[in-house]
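K.L.:
Build the 3D model from these lines:
(2 chains)
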Amino acid sequence: MGFRERLIARLHSWLLPYAAVVGADLAALARSWVLRAWFVLTALVAIYTIMQGSVALPLELPARQVVSAFLSPDMPQKGPARPIAELLEWYLLVWVTFVIILAGGAITSELGVVADSILSRGISRWQYLMGKWTARVVAVLAVYMVVMIPAAAIVWLGGSPASAAMPEVAGAAAESFDSQAAPELLLQSRRIDTKGLAFALAHVALLLALVATCGVAFSATFESTSLAIGVAWVTVYATGLTLSLVGIPYLSPVEFFARLPDLLSGRFVPAVQYWILAISLGTIVSIVTLSGILFARRDV
Amino acid sequence: MSAVTTHNLTKIYHNRRIALDSVSVSIEPGTVLGLLGPNGAGKTTLIRLVLGLHRPSAGWVEVMDRAMTPNAARLRRRIGYLPTSPRFPPHMTPITYLDFVGKLFGLPAELRRPRLAGLVRAVDLLAAASQPIRGLSTGMLTRLGIAASLMNEPELLIWDEPTAGLDPEARRFTLDLMKNLTRERTLILSSHALHDVEEVCNAAVVLNDGHLIFQGSIAELKGKLRRNHYELELDAKPKAVEALRASLSKLTTVRAATATGQRIELHLADGKDIAAPLAEVLLTVSESGLVLAGVRTLGRQTEEAFLELVESDQARGFSRAVDRQAA
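P.N.:
Got it, this is the predicted structure:
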């Protein structure tokens, strides 16, 4: 057997147990009531938000009002970029709790008897952890994309009758970009920049992946599911709050929401966006590596 | 080559509980080893350390002369493990579960599929092969666990309480399967059922309170048995039996004699040779004119020996610690 064949055999031998864990975990997640409930809720909120954007429904969900009040109480009620911005806020402020619950039980819920049946086989701790992490991130991103991509497509293709009636707003927004009212005006703009939309979706996808990674990392560290979820929840929200209070440029969630109008209307520097994505990816890789090292050193 | 070697293996949980204390054992290939000990003795801890599920606090474990670690996946591919009361993903069927286990062992499909088909047949699960696992009986689950432990055709089998909770028929099936399998493999069988160990194993390790108190053959374990406890069964009236008891208790070789109905229980004096005191007892019975219906030793042999080991270990307590310090 040549070097190439040996390499392929070795790779196959590594990938097979990893893929088995990914497949089994995705199958288990597909039956999870938490995931199903989250999917239904996100879909309902997306439909409601899009409907609200296009027909300007006067009603608002109580939770949404709380989030809106926390973010920017003076947000405009109309405009095609607004539903996208709102839905992304929902993911980062509310749905992350579901992500933490889904990811926080990844390993702790299987410790003991079930883990015996898996980790006593020909699989390393790394393969197991990577398999669990992959499955949880894929499940979270699948729910996110299944809802957000059609929602974004609808808004991007259809626009809003309300905003169509005020084309002058876009120009006003562009002209007064530095003014206090610029974000609101830009949100009311009819124009959504494709690249900006892709960046916004990618940013939130990576942040959700980062939160899922934190959940899996705590799940690999603690022995109790509720403790892992609790610590992950406090860490994620406390980190978000701290970054917002300190006001670190581009890393604060509040600043991200403030910049969303710019992003969606195409007023951004691509290099900065790539850097933000790279930082998120780097953080994810670091957390996975650290949790892998810790998980390989603990009893199961 | 040694199948399993542990050296001064110690496990302390959370710096509070010593589950295993400096255990050194060596298990040769082809050995069928009974791992014995009361609840909390450290049997499962020892197994989990051998499998790399736990990390030792001190000492080391080698399997097939290679160090066992949590990431030693290639080494674990040579081991088949059946946990106590195995639990399975309830939505899977025996076929999908065994396929999953085969993948965990890195087996390609062309090896995996025929092997799982053969195992499903061998453990008599053909009729339930496509049913969800949640509907299987305890016996079926154990058989599925056994099949899973054999998916990789392991050189070393580790079965933790495989007969626990089984009905007599399922227990017999499992024991017969074990006898067949051990012709070509090393087996570590952890069990409370001493008669199972006696039937299947040729060697034993006894743990008590985290200490190794015996390692040797089953014959050696039985050799530690008190062989001086007998029961005489007589075909006579209780008064005559009582009179015989009084005569027997006067013999210097009899430590104690108690009569119950038509039976007399005898404790003979300690000594290596049991034939002479027993002959003296039988001669006295013969002289009494009573009809001797039967003579038998009391207690199940392996169980007695095991309990004696545990009792003596518990009695040693402090002196053991002193001995170790002196050594």
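
K.L.:
element containing A:Val137, please.
P.N.:
Assigned by DSSP states H and E, A:Val137 falls within helix A:125-158.

K.L.:
And that helix, what's buried?
P.N.:
For helix A:125-158, a neighbour-count test (16 or more other C-beta atoms under 10 Å in any protein chain shown) marks A:125-141, A:143-144, A:147-148, A:151-152, A:154-156 as buried. C-beta: built from backbone N, CA, C; applies to glycine.

K.L.:
So which other helices or strands are in contact with that helix?
P.N.:
For helix A:125-158, the packing partners by 3 or more C-beta pairs under 8 Å, 6 or more residues apart in numbering or on different chains; DSSP states H and E come out as helix A:3-30, helix A:33-55, helix A:81-90, helix A:96-104, helix A:113-119, helix A:194-221, helix A:270-296.

K.L.:
quick one: B:Ser2 and B:Val61 touch, right?
P.N.:
No. Contact criterion C-beta atoms under 8 Å: B:Ser2 and B:Val61 do not qualify, at 11.1 Å.

K.L.:
more neighbours, the two?
P.N.:
When B:Ser2 and B:Val61 are compared for neighbours, B:Val61 comes out ahead with 24 against 15, by other C-beta atoms under 10 Å in any protein chain shown.

K.L.:
excluding its backbone neighbours, what's nearest that one?
P.N.:
In space, and not counting its chain neighbours, B:Val61 is closest to B:Met68: 4.6 Å by C-beta to C-beta, 6 or more residues apart in numbering or on different chains.

K.L.:
Please apply the same query to A:Met130.
P.N.:
A:Met130 sits nearest to A:Tyr18 (C-beta to C-beta, 6+ apart), 5.9 Å away.

K.L.:
Report how many residues lie close to the residue of the stretch 201-327 of chain B found nearest chain A.
P.N.:
The nearest approach of the stretch 201-327 of chain B to chain A comes at B:Gly210, 15.9 Å away (C-beta to the nearest C-beta). Around B:Gly210 there are 21 other residues, counting by other C-beta under 10 Å.

K.L.:
quick one, what contacts it?
P.N.:
B:18-21, B:23, B:41-42, B:45 (C-beta atoms under 8 Å, 6 or more residues apart in numbering or on different chains).

K.L.:
Would you mind confirming that B:Arg143 is in contact with B:Ala127?
P.N.:
No. The pair formed by B:Arg143 and B:Ala127 falls short of the contact definition of C-beta under 8 Å, at 11.7 Å.

K.L.:
higher neighbour count, the two?
P.N.:
B:Arg143 (26 against 9).

K.L.:
What is the neighbour count of the nearest residue to that one once chain neighbours are set aside?
P.N.:
Nearest residue to B:Arg143, sequence neighbours excluded (C-beta to C-beta, 6+ apart): B:Val123, at 4.0 Å. Neighbours of B:Val123 under the rule other C-beta under 10 Å: 22.

K.L.:
Could you measure from B:Val123 over to B:Glu199?
P.N.:
With distances taken as C-beta to C-beta, to the nearest Å, B:Val123 is found 19 Å from B:Glu199.

K.L.:
again, but for B:Arg121
P.N.:
Counting by C-beta to C-beta, the gap from B:Arg121 to B:Glu199 is 25 Å.

K.L.:
These two - which one has more neighbours?
P.N.:
Neighbour count, other C-beta under 10 Å: between B:Arg121 and B:Glu199, B:Glu199 has more, with 15 against 12.

K.L.:
residue ranges with poor pLDDT in the chain?
P.N.:
Went with chain A since none was named. Counting by pLDDT under 70, chain A contains low-confidence ranges at A:1, A:53-80, A:113, A:159-190.

K.L.:
ah, no, chain B please
P.N.:
If you take pLDDT under 70 as the line, chain B has these spans: B:223-227, B:271-272, B:299-304, B:314-327.

K.L.:
near chain A, which residues of it show up?
P.N.:
Selection of chain B residues close to chain A by C-beta under 8 Å from any C-beta of the partner chain yields B:48, B:51, B:53-55, B:70-74, B:76-77, B:79, B:81, B:83, B:85-89, B:91, B:100-101, B:103-108, B:148, B:152.

K.L.:
again, only using 7 Å
P.N.:
B:51, B:53-55, B:70-71, B:73-74, B:76-77, B:81, B:83, B:86-89, B:91, B:100-101, B:103-106, B:152 (C-beta under 7 Å from any C-beta of the partner chain).

K.L.:
before we move on, back to that, pull the most distant pair out of the contacts of B:Gly210.
P.N.:
Longest distance between any two of those is 12.0 Å, between B:Ile18 and B:Ala41; criterion C-beta to C-beta.

K.L.:
And those two? Which one has more around it.
P.N.:
B:Ala41 (24 against 17).

K.L.:
residues in contact with that one?
P.N.:
B:207-209 (C-beta atoms under 7 Å, 6 or more residues apart in numbering or on different chains).

K.L.:
quick one: which of those residues has the most company?
P.N.:
Most neighbours among the contacts of B:Ala41, by other C-beta under 10 Å: B:Leu207, with 27 neighbours.

K.L.:
measure A:Ser117 to B:Leu144 for me?
P.N.:
Taking C-beta to C-beta, one finds A:Ser117 at 11 Å from B:Leu144.

K.L.:
and if you look at B:Ser286?
P.N.:
59 Å.

K.L.:
And the two? Which one has more around it.
P.N.:
Neighbour count, other C-beta under 10 Å: between B:Ser286 and B:Leu144, B:Leu144 has more, with 27 against 10.

K.L.:
Just list the residues touching that one, thanks.
P.N.:
Neighbours of B:Leu144 in contact, by C-beta under 7 Å, 6+ apart: B:88, B:94, B:97, B:125, B:136.

K.L.:
can you tell me which two in the residues you listed are farthest apart?
P.N.:
Most distant of the contacts of B:Leu144, by C-beta to C-beta, are B:Phe88 and B:Leu125, 12.2 Å apart.

K.L.:
Which residue is the nearest non-sequential neighbour of B:Gly106?
P.N.:
A:Ser13 (4.1 Å).

K.L.:
The one you found against B:Phe105, yeah?
P.N.:
No. In this structure A:Ser13 lies outside contact range of B:Phe105 using C-beta atoms under 7 Å: 9.3 Å.

K.L.:
With neighbour numbers in mind, choose between those two.
P.N.:
Just comparing A:Ser13 and B:Phe105: by other C-beta under 10 Å the higher neighbour count belongs to B:Phe105, 26 against 17.

K.L.:
where along the stretch 101-250 of chain B do the strands fall?
P.N.:
Taking DSSP state E, counting those that start in this stretch, the strands of the stretch 101-250 of chain B run over residues B:156-160, B:186-190, B:203-208, B:211-217, B:229-235.

K.L.:
Quick one: those as a markdown table, columns for distance to A:Glu255 too.
P.N.:
Shown next, in a markdown table, are the strands of the stretch 101-250 of chain B (distance: least, C-beta to C-beta, whole Å):
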| stretch | distance to A:Glu255 |
| --- | --- |
| strand B:156-160 | 55 |
| strand B:186-190 | 59 |
| strand B:203-208 | 61 |
| strand B:211-217 | 62 |
| strand B:229-235 | 84 |
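
K.L.:
and residue 228, how many residues sit next to it?
P.N.:
Just so you know, I chose chain A. That count, for A:Ala228 with other C-beta under 10 Å as the rule, works out to 27.

K.L.:
wrong one, chain B
P.N.:
19.

K.L.:
distance of the residue of the stretch 201-327 of chain B closest to chain A from A:Ile50?
P.N.:
64 Å.

K.L.:
sorry, back to before: so what's in contact with A:Ser117 and B:Leu144 at the same time?
P.N.:
Shared contacts of A:Ser117 and B:Leu144, counting by C-beta under 7 Å, 6+ apart, come down to B:Phe88.
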